[in-house]
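In: Structure for the following, please:
(one chain, ligands or ions: 2)
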Amino acid sequence: MACAWDFQFRVLLLGDSGVGKTSLLKRYTEEEFTDTTGPTVGVDFCCRIEEPEAGVKVRLQFWDTAGQERYRAVTRSYYRNAACVILLFDLTAHKTFESIQNWYQEVQERAQPHPLLFLLLGTKSDMHGQRRVPREEAQSLADSIRAPYLETSARTGSNVAAALSLLCRELLRAARQEKPAPAEHGCGGCTVAEETPQKKILCTC
Ligand code: GDP
Ligand code: MG
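Out: Numbers count the residues shown, from 1 in each chain. Ligands and ions are numbered 1, 2, ... in the order given. Coordinates of the predicted model:
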């Protein structure tokens, strides 16, 4: 049977409740934005296949915390085998930016093995005039954790595809250079449903 993809990476989304994690994923995977994304239970999955190079298929498997982040009660299993962590904060809420350092620490303590890379995103860039986090401040934090930094809007779609395709290229590069991909190589079909039948499945691939 031919492989459906060449690499698969588990990508976690972390950040305070309300920063726009679910909206970003929805924009990226469904090209949609809705003003209120309802509360969800457990962990949401979705996935998308990218082709960062001709003939190389990379399956990004996203894990979205669904509510637990509100109570800082994200379970250890959430962090397992994460290849990448996207840290998100709301550009219009400085408090969410201040939390990033805590989220980063938490990943360092809990994730096994450690993720290959981090990506820092400032969200809601469409809310002009309400910015509370200067770009330089965010860039400086990103530099300190050696993460690329981008400002995105799930509402307009600005930089969403760019951020994820950057992530995909970086993951591929890191996996080839440093060590075998922590996630399993795929060989047809979606294994997510089997792993956690109790969780809500957003993807159909
Ligand atoms: P989560 O708790 O981090 O998953 O955040 P949600 O995706 O549920 O978003 C929280 C709120 O912010 C919702 O009302 C969204 O409509 C809103 N939101 C999310 N992304 C954006 C964005 O890019 N621009 C604007 N203006 N609002 C957004
Ligand atoms: Mg959410």
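In: Show me what the helix or strand in which A174 is found is packed against.
Out: Applying DSSP states H and E as the criterion places A174 in helix 160-177. When contacts are defined as 3 or more CB pairs under 8 Å, 6 or more residues apart in numbering; DSSP states H and E, helix 160-177 sits against strand 7-14, helix 21-30, strand 43-53, strand 56-65, strand 84-90, strand 117-123, strand 149-151. To be clear about C-beta, it is placed using only N, CA and C from the backbone, and glycine gets the same treatment.
In: Just put these in TSV and tack on mean pLDDT.
Out: Below are these laid out as TSV (pLDDT from 0 to 100):
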stretch	mean pLDDT
strand 7-14	95
helix 21-30	91
strand 43-53	85
strand 56-65	93
strand 84-90	97
strand 117-123	97
strand 149-151	98
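In: Any chance of the ones you listed in a markdown table with mean neighbour count and distance to Q177 as columns?
Out: Formatted as a markdown table, the helices and strands packed on helix 160-177 follow (neighbours: other CB atoms under 10 Å; distance: least, CB to CB, whole Å):
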| stretch | mean neighbour count | distance to Q177 |
| --- | --- | --- |
| strand 7-14 | 25 | 13 |
| helix 21-30 | 22 | 25 |
| strand 43-53 | 19 | 15 |
| strand 56-65 | 22 | 15 |
| strand 84-90 | 25 | 15 |
| strand 117-123 | 25 | 11 |
| strand 149-151 | 20 | 21 |
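In: Could you save these as JSON lines and add columns showing distance to R131?
Out: What follows is these, written out as JSON lines (distance: least, CB to CB, whole Å):
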{"stretch": "strand 7-14", "distance to R131": "22"}
{"stretch": "helix 21-30", "distance to R131": "18"}
{"stretch": "strand 43-53", "distance to R131": "28"}
{"stretch": "strand 56-65", "distance to R131": "25"}
{"stretch": "strand 84-90", "distance to R131": "10"}
{"stretch": "strand 117-123", "distance to R131": "9"}
{"stretch": "strand 149-151", "distance to R131": "9"}
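In: which stretches of this structure have low pLDDT?
Out: For the chain, the stretches flagged by pLDDT under 70 are 1-3, 36-43, 178-205.
In: Quick check: residues of it near ligand 2?
Out: Counting by CB under 5 Å from the ion, the chain comes close to ligand 2 at K21, T22.
In: Which single residue of the chain approaches ligand 2 most closely?
Out: Closest to ligand 2 within the chain is T22: 3.3 Å, counting by CB to the ion.
In: hang on, isn't that residue packed against A66?
Out: Yes - here T22 lies in contact with A66, judged by CB atoms under 8 Å, at a distance of 7.5 Å.
In: chain center to stretch 141-158: distance?
Out: 11 Å (CA atoms, centre = their mean, to the nearest Å).
In: what's that stretch in contact with?
Out: 20, 23-24, 26-27, 31, 33, 87, 91, 97, 100-101, 104, 117-126, 135, 138-139, 159-160, 162-163, 166-167, 170 (CB atoms under 8 Å, 6 or more residues apart in numbering).
In: one more time with 6 Å, if that's ok
Out: 20, 23-24, 27, 33, 104, 118-123, 125-126, 138-139, 159-160, 163 (CB atoms under 6 Å, 6 or more residues apart in numbering).
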